[in-house]
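J.: no FASTA, just this:
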């Protein structure tokens with residue numbers, strides 16, 4: 001029961017870290033998870049988690065490396081193949097040899113082999129950190145693509161060196177020739193195993209499909225089992241399990257995309273499952289780190305080889321500084337001009353600083369260092385294992401501070417391109433709603449309302465995700481105040497012309513006056529509004545009791561139409577983005593109110609013609625495609641955004657045809 005409660009607490013902590021990150025996006029998730037892990041230690045759970053180092057490597061490193069292989073971008077890798085190989089293989093090797101030797105010189109109790117193990121574990125850069133910074137800031141030239149490619153490939157090179165170091169320290173022998181030969185044979189063998197098992201998996205999937213089995217669960221489970229099975233078989237054959245699962249992941253990403261809805265749905269489901277699983281695995285790694293900090297720190301600060309926190313911090317800073325210097329010098333010498341610079345606006349020196357600061361370490365590093373054996377082959381304790389873990393943790397935190405907090409000081413923050421795309425899509429949905437309303441509501445009213453309700457739901461969800469800047473608050477306030485006055489004016493005209501009942505008209509004017517008073521920022525108007533509520537209490541009760549819902553909807557729709565007329569007059573005098581935005585919002589509101597009116601009258605219960613509903617939905621999707629193409633041709637959206645929008649429409653189209 002204690003284990004169950006412990007796992008439950010860990011899952012809740014991972015969930016909390018994601019929620020906290022939504023409110024504090026500038027704070028790296030690993031920081032939050034480490035703090036939550038330290039908090040878990042203080043809870044009276046009566047359980048201490050212990051995972052065998054070898055099992056730790058299999059459970060966490062294997063699936064994370066496989067996932068990095070599946071996310072590889074073919075075009076990016078090919079266009080930057082030389083630079084990616086330089087940074088992910090040669091730079092890693094240079095860092096391991098140089099910093100490993102210097103680390104041994106600084107701390108003689110850490111042998112050269114152990115130093116190589118530690119620096120190899122520090123080799124993999126974190127692709128999540130790179131993505132996070134790249135989404136918010138402008139990384140110059142092709143550097144962002146290079147950093148992503150590096151984060152994928154240096155996992156493999158670093159971990160192969162890490163495993164060679166582990167083998168060396170366990171056997172107690174090292175030969176450069178033997179290690180180089182082993183590196184080659186183990187690597188080639190791993191690639192062969194990964195490739196063979198990937199094709200075997202594909203054959204199994206084809207056979208299952210030929211049997212007429214279309215259960216997505218089977219294919220997703222096969223995908224989840226793959227990295228663990230491939231790693232285990234490769235290790236049994238004494239070849240590189242890391243390279244085997246990486247190759248398996250690459251082959252999965254290189255598989256040709258098919259238009260079959262079943263296969264597309266399987267991939268979407270699988271990608272979503274892997275997204276959740278990777279977040280959970282990385283979260284557990286950092287939570288475990290948080291839970292281990294007190295114990296590791298205590299062991300380091302006490303005993304015969306005790307070290308002060310200040311000394312440990314000095315070692316962490318020196319290791320981080322050495323890694324930074326080597327990375328910077330490597331960038332200055334090897335990186336091509338088009339990778340570092342963009343339109344000659346950033347100097348090469350600054351570009352190389354940016355490249356060096358973007359080398360954050362993450363979960364793969366931590367999971368690797370935790371997999372260091374507890375004992376050597378002779379049964380003795382692995383020397384300075386706790387110190388190596390705490391040094392790795394310190395470097396991870398320092399590198400993340402540099403990437404998340406120092407790097408942004410050297411680059412420009414991105415504009416609101418994403419928000420601009422949302423505004424364009426919002427306008428597109430509004431255009432589709434109006435077109436479908438004109439084309440189908442008169443002939444197929446019930447079927448048209450069903451489709452329009454779905455579009456209005458999408459419209460409202462997208463609209464709620466778009467924030468209005470503070471500088472427009474005053475203009476919005478004034479415009480909303482004016483719209484209420486127009487509505488009051490329109491209802492009064494309807495009353496004068498006997499177009500509405502007296503009770504309903506007076507009640508609706510009361511509602512509008514109340515909104516008008518609430519819109520005014522002066523407190524005196526709030527008091528007036530409260531007094532008006534008391535004075536009109538009898539009128540409110542009477543109107544609500546005898547209110548004709550159909551008449552109410554008719555007034556609301558006519559008011560919206562009257563407001564649109566007034567807004568059009570404003571636009572004739574002066575074009576205003578805010579006025580156009582409000583107009584489109586009211587147009588959507590009219591369609592929504594008409595749909596609600598249908599519900600109020602019970603007309604939604606009529607038997608629908610599903611073929612007509614499908615026809616209207618397809619027409620709407622085609623209107624979206626046409627608008628996307630138009631926006632792309634006009635240059636308001638780029639090819640990537642247009643392609644993303646088209647893919648979303650393709651998914652919607654497959655769903656309505658299933």
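T.: Sure thing, it's come through. Not measured: the values here are computed from a predicted model. Numbering: from 1, shown residues only.
J.: when you work out contacts or count neighbours from here on, use the C-alpha atoms and nothing else.
T.: Fine.
J.: all strands for the stretch 401-550 of the chain, in order.
T.: 412-413 (DSSP state E, counting those that start in this stretch).
J.: tell me where it has helices.
T.: Along the stretch 401-550 of the chain, counting by DSSP state H, counting those that start in this stretch, helices occupy 417-440, 445-464, 473-496, 502-519, 523-535, 537-546, 549-573.
J.: what do you get for the stretch 51-200 of the chain?
T.: For the stretch 51-200 of the chain, the helices defined by DSSP H, counting those that start in this stretch occupy 53-56, 62-70, 74-79, 81-85, 91-106, 112-121, 127-136, 143-171, 176-210.
J.: out of those helices, which gets the lowest mean score?
T.: Of all those, helix 127-136 carries the lowest average pLDDT, namely a mean of 68.
J.: can you give me the buried ones in the helix or strand harbouring residue 32?
T.: Per DSSP states H and E, residue 32 falls inside helix 29-41. For helix 29-41, the neighbour count (16 or more other Cα atoms under 10 Å) marks 29, 30, 31, 32, 33, 34, 35, 36, 37, 38, 40, 41 as buried.
J.: tell me which residues are up against that helix.
T.: The contact list for helix 29-41 (Cα atoms under 8 Å, 6 or more residues apart in numbering) reads 9, 13-14, 17-18, 20-21, 283, 286-294, 397.
J.: can I get the buried part of these as one ChimeraX selection?
T.: ChimeraX command restricting the contacts of helix 29-41 to the buried ones, with burial defined by 16+ other Cα under 10 Å:
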select :9,13,14,17,18,283,286,287,288,289,290,291,292,293,397
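J.: the contacts of helix 29-41 in helices, which ones?
T.: Taking DSSP state H, the ones among the contacts of helix 29-41 that sit in helices are 9, 13-14, 17-18, 20-21, 283, 286-294, 397.
J.: looking at it, residue 452 is touching residue 433, isn't it?
T.: Yes. The pair residue 452 and residue 433 passes the contact test of Cα atoms under 8 Å, sitting 6.4 Å apart.
J.: domains in the chain, as residue ranges please.
T.: Taking automatic domain parsing as the criterion, the chain consists of the domains 52-413, 417-657.
J.: by mean pLDDT, show me the worst of the ones you listed.
T.: Across the domains of the chain, domain 417-657 gives the lowest mean pLDDT, at a mean of 70.
J.: residue contacts, residue 362?
T.: Residue 362 neighbours (Cα under 8 Å, 6+ apart): 124, 125, 126, 396.
J.: ok, residue 239 to residue 232 distance?
T.: 10 Å (Cα to Cα, to the nearest Å).
J.: of these two, which one has the most company?
T.: Taking other Cα atoms under 10 Å, residue 239 and residue 232 do not tie; residue 239 has more neighbours (24 against 18).
J.: doesn't the more buried one belong to a strand?
T.: No. Residue 239 is assigned coil when assessed by DSSP: H, G, I helix; E, B strand; the rest coil, not a strand.
J.: helices of the stretch 201-350 of the chain, start to end?
T.: In the stretch 201-350 of the chain, the helices defined using DSSP H, counting those that start in this stretch lie at 216-236, 241-254, 261-301, 309-334, 337-340, 348-357.
J.: among those, which is nearest residue 87?
T.: Among the helices of the stretch 201-350 of the chain, helix 309-334 comes nearest to residue 87, with 8.2 Å by Cα to Cα.
J.: how about the closest one, which residues are buried there?
T.: For helix 309-334, the neighbour count (16+ other Cα under 10 Å) marks 312, 315-320, 322-324, 326-328, 330-332 as buried.
J.: would you turn the domains of the chain into JSON lines with distance to residue 2?
T.: Rendered in JSON lines, the data for the domains of the chain read as follows (distance: least, Cα to Cα, whole Å):
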{"stretch": "domain 52-413", "distance to residue 2": "16"}
{"stretch": "domain 417-657", "distance to residue 2": "41"}
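J.: please identify the deepest-packed of those domains.
T.: domain 52-413 (a mean of 19; mean count of other Cα atoms under 10 Å).
J.: and that one, how far out from the chain's middle?
T.: 20 Å (Cα atoms, centre = their mean, to the nearest Å).
J.: first vs last residue of stretch 369-385, how far apart are they?
T.: Start-to-end, stretch 369-385 (Cα to Cα) is 9 Å.
J.: who's in contact with it?
T.: Outside stretch 369-385, the residues touching it (Cα under 8 Å, 6+ apart) are 52-57, 109-110, 118, 121, 166, 169-171, 388-389, 392.
J.: and for stretch 149-162?
T.: Residues from elsewhere that reach stretch 149-162 (Cα under 8 Å, 6+ apart): 65, 68-69, 72-73, 76-77, 84-85, 87-89, 92-93, 116-118, 120-127, 183, 187, 240, 242-243, 246, 364, 368.
J.: kindly report the same for stretch 226-236.
T.: By Cα under 8 Å, 6+ apart, stretch 226-236 touches 58-59, 62-63, 66, 190, 193-194, 197, 240-242, 244-245, 248.
J.: could you redo the last one with a cut-off of 6 Å?
T.: 63, 241, 245 (Cα atoms under 6 Å, 6 or more residues apart in numbering).
J.: which of those residues lies closest to residue 646?
T.: Looking across the contacts of stretch 226-236 and measuring by Cα to Cα, the closest to residue 646 is residue 63, at 31.0 Å.
J.: make sure residue 630 is indeed in a helix.
T.: Yes. Counting by three-state DSSP, residue 630 is found in a helix.
J.: ok, it to residue 616 distance?
T.: Between residue 630 and residue 616 the computed distance is 21 Å (Cα to Cα).
J.: residue 7 too?
T.: Separation of residue 7 from residue 616 (Cα to Cα): 49 Å.
J.: same question for residue 627.
T.: Residue 627 is 17 Å from residue 616, by Cα to Cα.
J.: same question for residue 66.
T.: 43 Å.
J.: what does residue 501 show for phi and psi?
T.: Main-chain dihedrals, residue 501, degrees, to the nearest 10: phi -70, psi 150.
J.: same check, this time on residue 46
T.: According to degrees, to the nearest 10, residue 46 has phi 60, psi 40.
J.: what does residue 109 show for phi and psi?
T.: Dihedral angles (degrees, to the nearest 10) for residue 109: phi -70, psi -20.
J.: kindly report the same for residue 361.
T.: Residue 361 adopts backbone torsions of phi -100, psi 160, taken as degrees, to the nearest 10.
J.: look up how far residue 308 lies from it.
T.: Counting by Cα to Cα, the gap from residue 361 to residue 308 is 24 Å.
J.: do residue 320 as well
T.: 19 Å.
J.: if we can go back for a sec, let me know the closest of the contacts of stretch 226-236 to residue 422.
T.: Closest to residue 422, out of all of the contacts of stretch 226-236 and judged by Cα to Cα, is residue 63, at 34.4 Å.
J.: show me what contacts that closest one?
T.: Residues in contact with residue 63 (Cα under 6 Å, 6+ apart) are residue 227.
J.: thank you, goodbye.
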